[in-house]
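# Structure for this input, please:
(2 chains)
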Protein chains: 2
Amino acid sequence: MPLRLSSLFLRTLRDNPADAEVASHQLMVRAGCIRRAAPGIYSWLPLGMKLLRNLEEIVREEMEHIGSQEVHFPALLPKEPYEATGRWADYGDNMFRLQDRKDADYLLAPTHEEVFTLAVKDLYTSYKDLPLSIYQIQTKYRDEARPRAGLLRGREFIMKDSYSFALEQQDQDAAYAAHRAAYLRIFDRLGLEVVPVDAVSGAMGGSASEEFLFPCAIGEDTFVESDGGYRANVEAVTTVAPEPVDASGLPPAEVHHTPGTDTIETLVAAAQADHPRPDRAWTAADTLKNVVIGVDMPDGTRKVAVIGLPGDRAADLKRIEAAVGEHLGAAGEVAVEAGTEADLRANPGLVRGYIGPGLSREEPVLGVEGSSGVPYLVDPRVVEGTSWITGANAADQHVFGLVAGRDFGWDGVIEAAEVREGDEAPDGSGPLRTRRGIELGHIFHLGTGYAEALGLKVLDVNGKLATVTMGSYGFGVTRVLAALAEANHDEKGLIWPGSIAPADVHVVATGKDQAIHDAAEQLVADLEVSGVSTLFDDRPKVSPGVKFSDAELLGMPTIVVVGRGLAEGNVELKDRRSGESEQVRLDGAVSVIAERAAALR
Amino acid sequence: MPLRLSSLFLRTLRDNPADAEVASHQLMVRAGCIRRAAPGIYSWLPLGMKLLRNLEEIVREEMEHIGSQEVHFPALLPKEPYEATGRWADYGDNMFRLQDRKDADYLLAPTHEEVFTLAVKDLYTSYKDLPLSIYQIQTKYRDEARPRAGLLRGREFIMKDSYSFALEQQDQDAAYAAHRAAYLRIFDRLGLEVVPVDAVSGAMGGSASEEFLFPCAIGEDTFVESDGGYRANVEAVTTVAPEPVDASGLPPAEVHHTPGTDTIETLVAAAQADHPRPDRAWTAADTLKNVVIGVDMPDGTRKVAVIGLPGDRAADLKRIEAAVGEHLGAAGEVAVEAGTEADLRANPGLVRGYIGPGLSREEPVLGVEGSSGVPYLVDPRVVEGTSWITGANAADQHVFGLVAGRDFGWDGVIEAAEVREGDEAPDGSGPLRTRRGIELGHIFHLGTGYAEALGLKVLDVNGKLATVTMGSYGFGVTRVLAALAEANHDEKGLIWPGSIAPADVHVVATGKDQAIHDAAEQLVADLEVSGVSTLFDDRPKVSPGVKFSDAELLGMPTIVVVGRGLAEGNVELKDRRSGESEQVRLDGAVSVIAERAAALR
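Next comes the predicted model:
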C-alpha cells in the first residue's frame, strides 16, 4: 500500500531543531523520521520505522546467511549474572539500575554477554552441540554522560549483537571470519563505505579484534591508515620500538640545578642555555617526561601510576586507558584521567614538575619497588641504553644522561604516546594518516572470560569438562541509520539508498487538475502492483514548490512528477542523488520505474 | 532455509519445569520457545522467535489494512508526562521507576497514552490532519505483584497498542469499528475463538469498551453470557433494577433487640424466630447488608465508604473497584479492599455488625450528610419503596421495615453485588452463565482525558481550538501466543496453527540409511524452493522414537516421515492435530505437501 502524504503521520520542518548539531540528526528530525523523547532517547515516526525495518531485514538476512540463529533476551535483567562477571560494579554510572517492588536489584542491559553465556550453559552440555552462533536485534540502554548527535550516541538504542560458542579455536576463527564477511556484505548492500580497522577490545576481551568504522569528520573515533593498507583504531596502534643501544661508553648521569623548568619547553631551553652538548641542540625528544595518571579501578578503588615517555610526545589518555588495566591487575574496564591534586597529595614521593625514575638502579624512586611505590610504565621508545634528561625528584633539579636499563628500570611497557600523522605504520607499510570515524560494528574473540566467570563448560570429545570459547559481534543498528544519513544527504535533504529507503519512489502530483491527480493515483496503484513501493504526495491544496522541497528533504531515491507534462503523455523521472531528470511516456512508465527501482535496491 | 535440528539452538525437555503450572507455560518451555530469565521475564529462543515474528507480521498486516501507521516509542521515559496525567502516582508499585545519573526520574512504560498524545500534539495543529490512527508493537513493563503462568502475566511483555485521534465522534466511532474488525480478523487468522465482551474501561476511560477474551478455565477474567448473545465482563454487567414500589401503606420502621446477630445468617434466623411475618418467611434477600470498604485513592490517600446491598448477595470487590472511583472523585484508578480494623477505628460512627443508614431521613447515620460522614452507595436493587431489615447502629439492635427513600437516602447507586449464574441478562436476552477467560485485547473510547491533561488541541473547521478525542486499542502479543498454546495442544505437546507455526512441516528422517537421509535432504530442499518452510530433524544418531516425540512436542502442523516406506517410494504425511497419517509417493510429495501447507496457513 502506498504511503500517502495526505494522511502520513509526518510534519516536515524547514528549520533545524535547536538541539541538533550534526546533519544526520538535523535531517532525520526535519524529515519526520525521529523525535526526541528525552536526552538520548528517541521516538520513531512512520518513515523512521520503515527505515529501521528495512535495515533490520538486511541484517537478519545476512545473519541467517551465516547460520546465526535469532533469539531475544530481556532488556530488564537481574543483577546476579552481572555481579558474577564483575560488570555490575564495572559499569558505574553508565548502567541504568533499578529495584523492583521487592527491592531486588535489576539493570537495563547495556550489553548481553552474561545472558547469552547463561542461555548456552542452560541448554547445552556437549561438544556435539557446538559450534553455535546466536544473535538478537534488541534495545540496549546506556546512561551516557553526554548523549549527543541524535542516534549516534543515545541512551536507548538498537543493536544487533551476536555471540559464537566453540570448543576449537578453528571453529571460533571461522565464526569470526563469517561475521566479518557478513558485516562487509551488509555495508556493501547499504552502499556505505566502511573500513575494518584493528582494534583493542575492552574489558575481558580476547585477541583478534576489529572495528568497522565509517570515515566521517564528526566521528568520535580516531583511526590511522597507511598507503600500504594498514588500518587501526588509534588505541590499537603499536609503536615501532627502536633497537636497544650500547650504552657502555656513556658517562655517568649528572644532576643539574635547573630552576623554573617544570615544563618540557622551559627545560629544553635551560638545557640548551646552560648545558649545551657539542654535536647538536637538545630537543624535547631528549627528555623523559613522567606523567602522573589517576586510574579508577573496576572495584571502585583509585590507583596512581606514572607513565614515562619522550618529551616530544603528548600522552594519549585513551590509549593509556585501553592498555593500563592489565598492568594494574584490573579485572574489567578502567577509567583514566590526568593525576589530580589529591593523587599527588596521596603520593608525597612525587615532586610535581621534577618527577623522575630516580638517580640509580640501587635507589629507585618510581616503580612498585621504588621509594614512591608508584607503578612506573614506559613508552616503547624508552629502550635499554637510551639516555635522557629527566626529573631528579627535587624542585628545580634535573638529571642529564640518565640511561635506561643502566640507571633505571620500569614495571612495564605501555602504548601511551599520541599517534601522529606521519608516524611509521607498525607493519612497515608506510607513514600513517589519521582520520575520524563512527564505529558501526565491532567483532572480536572474547576468549573464555565469560564462560569461566559463569561456568559454561561442556563435555569434550574425551568426556572431560572443557571451557567454551566465545566470540562477540556487535552492530549498531540505529547508529548505522545515522551514518547512512551522514553519508547520503545534500543541502536539500536526505538521499536514502534504495536498499533501505522508506519507499522506492516519491510520486508528486502537481496542480489542481483532477486528471493529473487521477493519473498519479493510477500510476501509484500500478507501481505498487509491480512491486515498487511508493510515497505519494496526494495533498490537494499544497503548492508544487512545497511538494518538491518535501520530496528532496524526505529523500526517496527517485521522484516521479505527474504534472504539466501529462498533456503530452509524459511524466518526469528525477534522480534524487544526481538531480538529473528525464521525461518518460506515461504508457511505459511503470516498467521503466520498476527497472530503475530494482537497480537501486 | 530449513531449520535443522542438528544445529538448532534447542533442547527439548521431557518433564515440566517446576515453576510452570499451566499448559502453555509448561509446553513453551519444554518445546524450547522460551526460558525464564527472572520472575515474569522471559528469553526467546529460536522457535519462539519464529512464532513471535509470524504473529507480529499478521498484526502488522491487519493494522496496515485499517490504515493505522506504525511508530515506535521508547520504553524508558521521563516522569513529567506521567505526572501531568497523574499516572506517575496512580500506578503505585506496578510501575518500574528509576533515576538516571543526574537523578532525573524515569519509568519503564506500562502503557504509552501520554507519549502517543504528546507525539500528535507535537506534529499536528489542524482538523485537516485528523483522523489519525497510529500503533506500535513494543515491549512493556509492569511490576506485577504476582507474575504467573509464563507469558500470561509477565513483567516484561510485548503489546500492540494503537490510538486513534479525531475531532468528530463519527470518526472516532469509525476507528473503533475498524479496530474491532481488525482484531476479529486477526483472531480468525489465528484460528483462535475469541469473544468480544462489554467491558468497563479503567481510569480516565470513556464510554464504549470491549474486551476480547479467550474462554479458558485458567483465565483470570470472569465474564457472563446469555443464550441471546449478551456477553460482558463481570465488572461491566449492569443489574436490572426493579421498579420503585409504592410504600405509602407500609407501617413505620421498628427497632428490635436482636442479640448476637452480627451475620446475615444469624439475623435471618432471629427475625424468623422472634419476629415472624404472616405471609412468608424472612430470607437474606429481605436484609440490607452494609459493607465497609477501604479505598486507596490515586493521590495516596485512603477513603472509607459503605456499600448497601441485599443480604443474599456477596459484595464483589472487583466490580466495586471498577465503579467506586467516580463516586469518590478519584482522578485515576483506585484499589479497593474490605474495610480494615484501622478503617473502622477511624470511623467510630460505624458499629461493626450493626451498621445501618440510620432510623430516619432526619437523622441519617450513613452518607456524607450523615452523622458518620461516610459515603453511602447502594446496589441498584435498593429502589424507592423497598423495605429492609438492617442495622440500627447499636450493638444487638436491628431495624425492621426500614423503607428506602422514606426512611433513608444514599449518595449514589453502584454495581456492587456479585453476578450469579442464572441472573437475567440486562438486555433481556435470557439467564446468564459465567465463564473464565484470558483478556487478549481491549478497545475503548478514551475520550478527551489525556488530550485535556496534556493540552492536545487543534484548530477546528471554524479556526477555534478544539480538544481531540481519542480511542485506545490494546492487543497482548506475547499473551496471545500463550493463549494459542493453551488452545492448541494435547498430552503429547503443541499443535501450532499453520498461520504462525515456526515451520509448515517437520521432516523426520529415520534410520541410519544414507539413502533415507539423502532423500529427506532433497525433499527439504525441494519444499523450501516451493515456499514450504521446514524444520528438518537431520540428527544422525537419534532414535526414531525420540524424533517422533520431539516432533509431537514441537507441534509443526504436518509431520513428514522419510523412513522405511522409502523402499516402496513412499513418505508418510502425518497431521499433527488429528493424528491421521497417509502414505504419499515421494515423486509427487512436494506438491501434495505444498498444497496442504497453504491450506493450513
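# Just the residues contacting stretch A:219-230, thanks.
Applying C-beta atoms under 8 Å, 6 or more residues apart in numbering or on different chains, the contact partners of stretch A:219-230 are A:152-153, A:195, A:197, A:211, A:213, A:231-234, A:237, A:419, A:423, A:425-439. C-beta: built from backbone N, CA, C; applies to glycine.
# so where do the helices sit in chain A?
Assigned by DSSP state H, chain A shows helices spanning A:23-30, A:46-65, A:80-84, A:87-90, A:113-123, A:169-190, A:264-274, A:317-328, A:341-346, A:449-454, A:477-487, A:514-529, A:544-554, A:589-600.
# how near is A:Val255 to chain B?
A:Val255 sits 48 Å away from chain B, taking C-beta to the nearest C-beta, to the nearest Å as the criterion.
# er, A:Glu521 actually
16 Å.
# And for A:Glu235?
Note on A:Glu235: its distance to chain B, by C-beta to the nearest C-beta, is 25 Å.
# And A:Val195, by the same measure?
Note on A:Val195: its distance to chain B, by C-beta to the nearest C-beta, is 30 Å.
# ditto for A:Glu415
Taken as C-beta to the nearest C-beta, the span from A:Glu415 to chain B is 30 Å.
# For that residue, give me its contacts.
By C-beta under 8 Å, 6+ apart, A:Glu415 lies in contact with A:235, A:237-239, A:319-320, A:322-323, A:379-380.
# can you rerun that using 7 Å?
By C-beta atoms under 7 Å, 6 or more residues apart in numbering or on different chains, A:Glu415 lies in contact with A:238-239, A:319, A:323, A:380.
# Next: A:Gly48.
With contacts defined as C-beta under 7 Å, 6+ apart, A:Gly48 is in contact with A:28, A:33-34.
# Export those residues as JSON lines, with columns for distance to chain B.
Below are these laid out as JSON lines (distance: C-beta to the nearest C-beta, whole Å):
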{"residue": "A:Met28", "distance to chain B": "14"}
{"residue": "A:Cys33", "distance to chain B": "11"}
{"residue": "A:Ile34", "distance to chain B": "10"}
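# Can you lay out these as CSV showing pLDDT, distance to B:Ser24 and neighbour count?
Shown next, in CSV, are these (pLDDT from 0 to 100; distance: C-beta to C-beta, whole Å; neighbours: other C-beta atoms under 10 Å in any protein chain shown):
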residue, pLDDT, distance to B:Ser24, neighbour count
A:Met28, 96, 41, 29
A:Cys33, 97, 38, 29
A:Ile34, 96, 37, 26
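# Comparing the helices of chain A by mean pLDDT, which bottoms out?
Mean pLDDT values for the helices of chain A show the minimum at helix A:87-90, a mean of 85.
# how about that one, does it get close to chain B?
No. For helix A:87-90, no contact with chain B is found by C-beta under 7 Å from any C-beta of the partner chain; the gap never falls below 14.6 Å.
# Distance check, the residue in the stretch 151-300 of chain A that chain B sits nearest to against B:Leu77.
As assessed by C-beta to the nearest C-beta, chain B sits closest to A:Glu156 within the stretch 151-300 of chain A, at 5.1 Å. Applying C-beta to C-beta, to the nearest Å, the value for A:Glu156 to B:Leu77 is 9 Å.
# just the buried members of the contacts of stretch A:219-230?
Among the contacts of stretch A:219-230, those buried by neighbour count (16 or more other C-beta atoms under 10 Å in any protein chain shown) are A:152-153, A:195, A:197, A:211, A:213, A:231-234, A:237, A:419, A:423, A:425-426, A:432, A:434-435, A:437-439.
# In strands only, show me these.
A:195, A:197, A:211, A:213, A:231-233, A:432, A:434-435, A:437-439 (DSSP state E).
# ok, those vs A:Gln138, which is closest?
Checking these against A:Gln138 with C-beta to C-beta, the nearest one is A:Glu439 at 18.2 Å.
# so which of the helices of chain A comes closest to B:Asp103?
Going by C-beta to C-beta, the one of the helices of chain A nearest B:Asp103 is helix A:87-90, 19.8 Å.
# Extract the C-alpha set from the closest one and format it as PDB.
Extracted as PDB, the C-alpha positions of helix A:87-90 are listed here (Å, rounded to 0.1, in the frame of the first residue of the first chain):
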ATOM      1  CA  ARG A  87      30.300  -5.800  35.500                       C
ATOM      2  CA  TRP A  88      27.600  -4.700  37.900                       C
ATOM      3  CA  ALA A  89      30.300  -2.700  39.500                       C
ATOM      4  CA  ASP A  90      32.500  -2.000  36.400                       C
END
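# got the contact list for stretch A:311-328?
In this structure, residues lying in contact with stretch A:311-328 by C-beta under 7 Å, 6+ apart are A:200, A:234-235, A:264, A:283-285, A:287-289, A:291, A:293, A:295, A:297, A:303, A:305, A:307, A:309, A:333-337, A:375, A:377, A:411-412, A:414-418.
# Can you give the distance from the least confident helix or strand in chain A by mean pLDDT to the centre of its chain?
In chain A, no helix or strand scores lower on mean pLDDT, DSSP states H and E than helix A:87-90, which sits at a mean of 85. On the basis of C-alpha atoms, centre = their mean, to the nearest Å, helix A:87-90 is displaced by 21 Å from the centre of the chain it belongs to.
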